[in-house]
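Q: build me a model:
(3 chains)
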Amino acid sequence: MTPADLRLDEAAVRLGVVVEAPQHSGLLGVLDYLSATPLPPGTLVRVPLGRRVVTGVVWAVLPPSGEVPVRATEDLKAVIEVLDGLPALPSAWRQLVAFAAAYYQRGLGEMALMVLPPELRQLDAVQLQRRLKRLDKALATAPVAAPVATVAATAAGDSTGAPLPELSAQQALALSALAAGGARPFLLWGSTGSGKTEVYLRRAQEALDAGQQVLMMVPEINLTPQLEARVAERFAGRRIVSLHSGLTPAQRLRNWVMALQGHADLVLGTRLSVFTPLPRLGLIVVDEEHDPSYKQQDGARYSARDLAVYRAHLEKVPVMLGSATPSLESWHNALPVAEGGSGRYLRLDMPERIGGGDMPRVRLLDQNHVLKATMGQEPPPLSRPLLDAIAQRVERGEQSLVLLNRRGYAPVLHCSDCGWKSGCPHCSAWRVFHKADRTLRCHHCGFSERVPRACPDCGNQDIQPVGRGTERLEEQLAAALPGARVGRIDADVTKLKGALEAQLASVHAGEVDVLVGTQMVAKGHDFRRITLVAAVNPDAALFASDFRAAERQFALLLQAAGRAGRDADVAGHSEMWVQTWHATHPLYQALQRYDFASFATRQLQERQMAGLPPYASLAMLRAEGKTQEAAQGFLEAAASAVQDLVAQTPEAAGLMLYPAVPTPVQRVANVERAQLMIECGQRAVLQRFLSEAQAVWLAQAQQHRRSGLIRWAVDVDPLAI
DNA sequence: AGCACGCCGACT
DNA sequence: GTCGGCGTGCTC
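A: Next up is the predicted model:
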């Protein structure tokens, strides 16, 4: 025994500490440690775990009475050091983490540590102390006054900077509804350009003036530099920090610490920012709440939008979800009970564009007609009428945006002699032909090779690209529109740091006439001079097996339409072209009328009949294995192991397990994947079932590891099925 | 997850 | 004779 241990024996306290440990480690809940002094819950500590030292969070000072201690006191290890100098993580933060861990079926420690800045988990007490000292010094010399002083200055009526833009009637109405308050979350339903941001900013201003902190969430921060700039400009006297995965580890720690210390007034962040500890939180905003980016797609698959609503409820602060095309879940929540909704949210409508600029006229270009007109000839890359319309824009010095949601030159290469296709050796997917760097690339595992000059199977020199991606579209447009300057923005162009900014700047400067891009251009960017937006191949979503495909596509097309004609002087003749084989499809018909409400109503009816969200809750049990049999074998065993539990749930709850099936892309990087859908009419019943099943599955997984199971996980409220 | 221990092949 | 492959097992 060391002297330290001896001292601990005198008056040691038992602490519950959570550490980073995934479920299959078997270390689920709270671990017990000894401490010389009782530490408040939320304190960060370094504790021994096996042979290493890890960072943990104190969860409870004493284990709940009545619980049988897992270990005798003499077998417990002692806390090594306390990461003091930081305030303890607030109780609201711990409650949010505990809720998220329970709801998304993850370990408490895993969830807690995962949402801390990665850097913080690495540092020991001395290193953290150094960082904090440096931060203190930076704060003392920063141009922004300490928060208390800033609040005082503002309260004293010190108004500086540009005058605020005048509010439209509908903005004023929305703001007064917000002011009237109530405990319900708000759904701000406003078309693109209706001034949702101004409503956020005004409401945020009120919170800031009241000395509160604001959490403003956006789907992807690099897609919304304009919002960031606007927030910074509006709140020039305040301390604004951003939180997203693009920051360096040191920046992320720094901004997070400022939030926790209460020095940051406004946090602008992506989904991970929903967990930022904010001691004086006064408002949460979730912009573009329908965006799928809010759902974490690996590890703990949480929905930051849903957690934001829960957090607002927990901390009794208002939450505002904003979108032109709300998720059907939110839409349903914002429909009054009398109209078949849940009535949980209050909807604020802002249907009109500021400045009177109309949304572009939607033209559905029926490909069946075009085909007839070109019968017998090689069909042009784009329909003639669309090409002509773009050419007209070029002539007038206006810009066009052509959307195609597929990167690369062609999705697959094909040998017409022997039938060879450019499959990926590691995945059940085609390798995409990228002409720019002459490679065949797998978009799933990243496997890349120089494109072969001849067919690798039969030596045929004549291998052909099949289908079309943005690279090829760019090439075809350049050929079809001589003299036009054609540019492209997609993930390939953007890979280089600063390339996106550079390309956007050249579009804004009018150096590009026709911009080709994937969905990333449809999001967030304001293009003042674009008068034509075209969706070239939008039909796939109409027949996708994923029940959310239509919802996503409608949102994307509407958002894309919003890129056109944002200046009133060009809005009058702006157009959105949709090149389709199914012009009479209800989705396009609703789009043409900009009638989201009727689209949503129709979709909700279909969901209700099919027993899908928001009328039922889903969870997906996913498995990865060395073979498809291993993955499916586990899922089947898992399903039969919980038959009793299923039988115990009330019949009326409609709990149902579907058969195990391969995932849409069955094999990725030589790992086979399968999934099993679980459906339930009542969310609470599904929750109870999942947490009980989890324990059964843990044991089941252990047995299946030998037969080739690699990983498994539950995805609660899956986005894609 | 880490990080150990543990038992079988090609190297100084 | 060792270095090292990754299978199995444990961490309050």
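Q: please count neighbours and contacts with C-alpha atoms only from this point.
A: Fine.
Q: which strands or helices does the strand or helix carrying A:Ser330 pack on?
A: Per DSSP states H and E, A:Ser330 falls inside helix A:328-333. Packed against helix A:328-333, as judged by 3 or more CA pairs under 8 Å, 6 or more residues apart in numbering; DSSP states H and E, are the following elements: helix A:596-610.
Q: now the stretch 151-300 of chain A against DNA strand C: closest residue?
A: A:Gly299 (17.6 Å; CA to the nearest atom of the strand).
Q: right, I mislabeled it, should have said the stretch 601-721 of chain A
A: Residue nearest to DNA strand C within the stretch 601-721 of chain A: A:Arg706 (5.5 Å; CA to the nearest atom of the strand).
Q: one step back: can you report how many residues lie near the residue of the stretch 151-300 of chain A closest to DNA strand C?
A: The number of residues packed near A:Gly299 is 14, by other CA atoms under 10 Å.
Q: quick check, pLDDT for it.
A: In the predicted model, A:Gly299 carries a pLDDT score of 88.
Q: next one: A:Cys455
A: Predicted confidence (pLDDT) for A:Cys455: 93.
Q: check A:Glu378 too.
A: In this model, A:Glu378 is scored at 56, pLDDT.
Q: centroid residue for chain A?
A: In chain A, the residue lying closest to the centroid (CA atoms, centre = their mean) is A:Ser293, at 1.6 Å.
Q: which residue, neighbours along the chain excluded, lies closest to that one?
A: The spatial neighbour of A:Ser293 that comes closest, neighbours along the chain excluded (CA to CA, 6 or more residues apart in numbering), is A:Pro219 at 5.5 Å.
Q: and the one you found, backbone torsions?
A: Reported as degrees, to the nearest 10, the phi and psi values for A:Pro219 are phi -60, psi -50.
Q: returning to what we had before: list the helices and strands the next helix or strand after the helix holding A:Ser330 packs on?
A: Sequence-wise, the next helix or strand downstream of helix A:328-333 (DSSP H and E) is strand A:346-350. Strand A:346-350 makes packing contacts with helix A:169-180, strand A:186-190 when contacts are defined by 3+ CA pairs under 8 Å, 6+ apart.
Q: so which bits of chain A are right by DNA strand B?
A: Within reach of DNA strand B by CA under 7 Å from any atom of the strand, chain A has these residues: A:Ala21, A:Pro22, A:His24, A:Ser25, A:Gly26, A:Gly50, A:Arg51, A:Arg52.
Q: which of the helices and strands packed on strand A:346-350 sits most buried?
A: Across the helices and strands packed on strand A:346-350, averaging neighbours per residue (mean count of other CA atoms under 10 Å) puts strand A:186-190 on top, at a mean of 24.
Q: how far does that one sit from the chain's center?
A: 19 Å (CA atoms, centre = their mean, to the nearest Å).
Q: touching, A:Glu679 and A:Leu618? I think so.
A: Yes: between A:Glu679 and A:Leu618 a contact is recorded at 4.7 Å, counting by CA atoms under 8 Å.
Q: before we move on, the earlier item: any idea how far A:Gly193 is from the residue nearest to A:Ser293?
A: Plainly put, A:Pro219 is 18 Å away from A:Gly193 if you go by CA to CA, to the nearest Å.
Q: just A:Val486 next, same as before
A: For A:Val486 relative to A:Gly193 (CA to CA), the value is 26 Å.
Q: can you give me the pLDDT of the residue nearest to A:Arg344 when sequence neighbours are not counted?
A: The shortest distance from A:Arg344 to any residue that is not its chain neighbour, by CA to CA, 6+ apart, is 5.2 Å, and that residue is A:Asn333. Confidence at A:Asn333, expressed as pLDDT, is 98.
Q: now swap in A:Met359 and tell me
A: Note for A:Met359: predicted pLDDT of 86.
Q: and A:Gly181, by the same measure?
A: Looking at A:Gly181, its pLDDT is 76.
Q: could you measure from it over to A:Asp388?
A: Distance of A:Gly181 to A:Asp388, given as CA to CA: 52 Å.
Q: ok, now A:Gln694?
A: When CA to CA is applied, the distance between A:Gln694 and A:Asp388 equals 59 Å.
Q: more neighbours: these two, which one.
A: A:Gln694 (18 against 14).
Q: the more buried one - nearest residue in space that isn't next to it in sequence?
A: Using CA to CA, 6+ apart, the nearest residue to A:Gln694 is A:Gln105, at 7.6 Å.
Q: what does A:Leu128 give?
A: Distances taken as CA to CA, 6+ apart place A:Leu83 nearest to A:Leu128, at 7.3 Å, with adjacent residues excluded.
Q: now swap in A:Leu686 and tell me
A: For A:Leu686, ignoring the flanking residues on the chain, the nearest one in space by CA to CA, 6+ apart is A:Cys680 at 5.9 Å.
Q: neighbours of the one you found, just the number please.
A: Number of residues near A:Cys680 (other CA under 10 Å) recorded here: 24.
Q: report the contact partners of it.
A: Counting by CA atoms under 8 Å, 6 or more residues apart in numbering, A:Cys680 touches A:Ala616, A:Ser617, A:Leu618, A:Ala653, A:Gly654, A:Leu655, A:Met656, A:Leu686.
Q: right, and A:Cys427 touches A:Pro664 too?
A: No: checked against CA under 8 Å, the pair A:Cys427 and A:Pro664 is beyond contact range at 11.6 Å.
Q: of those two, which one has the most company?
A: Neighbours per residue, other CA under 10 Å: of A:Cys427 and A:Pro664, the larger number sits with A:Cys427, 21 against 14.
Q: how near is the more buried one to A:Tyr103?
A: 32 Å.
Q: related to what we said a few turns ago, narrow the residues of chain A next to DNA strand B to those that are buried.
A: When burial is judged by neighbour count using 16 or more other CA atoms under 10 Å, the buried members of the residues of chain A next to DNA strand B are A:Ala21, A:Pro22.
Q: spell out which parts of chain A neighbour DNA strand C.
A: With CA under 7 Å from any atom of the strand as the criterion, chain A meets DNA strand C at residues A:25-27, A:30-34, A:48-50, A:70-71, A:75-78, A:706.
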